[in-house]
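A.B. asks: Give me a model of this one.
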Amino acid sequence: MAAYPRAELEAMVARWLVANRNAEQEGNWAKHLGPLYTDNAEYRWNIGPNEEFVARSREEIENWALGVQMAGFEEWRYPYHRILIDEQLGEVIGLWRQVSPALREDGSPYEVAGIGGSWFRYGGHYQWEWQRDFFDLGNVKALFFELAADGKLDPAVKRKLSQLAKGRLLPGHERLRNPPSLFKKIKGLIALLGIVLWAK
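C.D. replies: This is a model prediction of the structure:
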């Protein structure tokens, strides 16, 4: 990790925010964000205890992270509300929200609760060489359930969730370990039930 001039990192962040706004307006994430990664950049996020998304090149980032993964989210907004820059490490943390274009009956937007963000490592030449997103997966699932119940979940998202529910991994998804067996899940549920009953 190398130190970079503060002004250069601030300029990188400014370019990134403009690219994000342009991507939101056009619904084309790969076109606007793809050029801001190095050729050998890595982009990842966690999907629970047994699975991770990983893209290991700019091509995979454009095709998988900004392509397949963003299908059905073309009209979503991801406004940043805080940016933290460490010029000595050449790293940036951006905190953002996930806001659906759909509205509830009361006029409020469907939005993922909790906090979301991205941790970036700068690679020079106004490009990121590494990125890791973080968000509350439980809140994401809860919002998807709500959107589905209200008939407002995008068909592309439904197709991807159906594929995952059948145990088929999407491009870039990697298993960290095998999911627990049904026996182990039942055993864990019984153990939790015992703790709840004991607490009473």
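A.B. asks: what does the model give the closest residue in space to residue 15 that isn't next to it in sequence for pLDDT?
C.D. replies: Excluding its sequence neighbours, the residue lying closest to residue 15 (CB to CB, 6 or more residues apart in numbering) is residue 126, at 5.9 Å. (Glycine included, C-beta is placed from N, CA and C.) As predicted, residue 126 sits at a pLDDT of 98.
A.B. asks: Look at residue 126 and say how many residues are nearby.
C.D. replies: 15 (other CB atoms under 10 Å).
A.B. asks: next one: residue 94
C.D. replies: For residue 94, using other CB under 10 Å, the count is 22.
A.B. asks: how long is stretch 89-98 end to end?
C.D. replies: Terminal residues of stretch 89-98 are spaced 27 Å apart (CA to CA, to the nearest Å).
A.B. asks: What helix or strand is the residue nearest to the spatial centre of the chain located in?
C.D. replies: Residue closest to the average C-alpha location in the chain (CA atoms, centre = their mean): residue 133, at 5.3 Å. Taking DSSP states H and E as the definition, residue 133 sits inside strand 128-134.
A.B. asks: strands paired with that strand, and their directions?
C.D. replies: strand 37-46 (parallel), strand 116-122 (antiparallel) (DSSP bridges).
A.B. asks: Show the contacting residues for the nearest residue to residue 135 once chain neighbours are set aside.
C.D. replies: Spatial nearest neighbour of residue 135, chain neighbours left out: residue 116 (3.8 Å); criterion: CB to CB, 6+ apart. With contact set as CB atoms under 8 Å, 6 or more residues apart in numbering, residue 116 has these partners: 78, 95-98, 133-136.
A.B. asks: still on that earlier bit, starting from residue 2, give me the distance back to the residue nearest to residue 15.
C.D. replies: As for residue 126, its distance to residue 2 is 15 Å (criterion: CB to CB, to the nearest Å).
A.B. asks: Many thanks, we can stop here.
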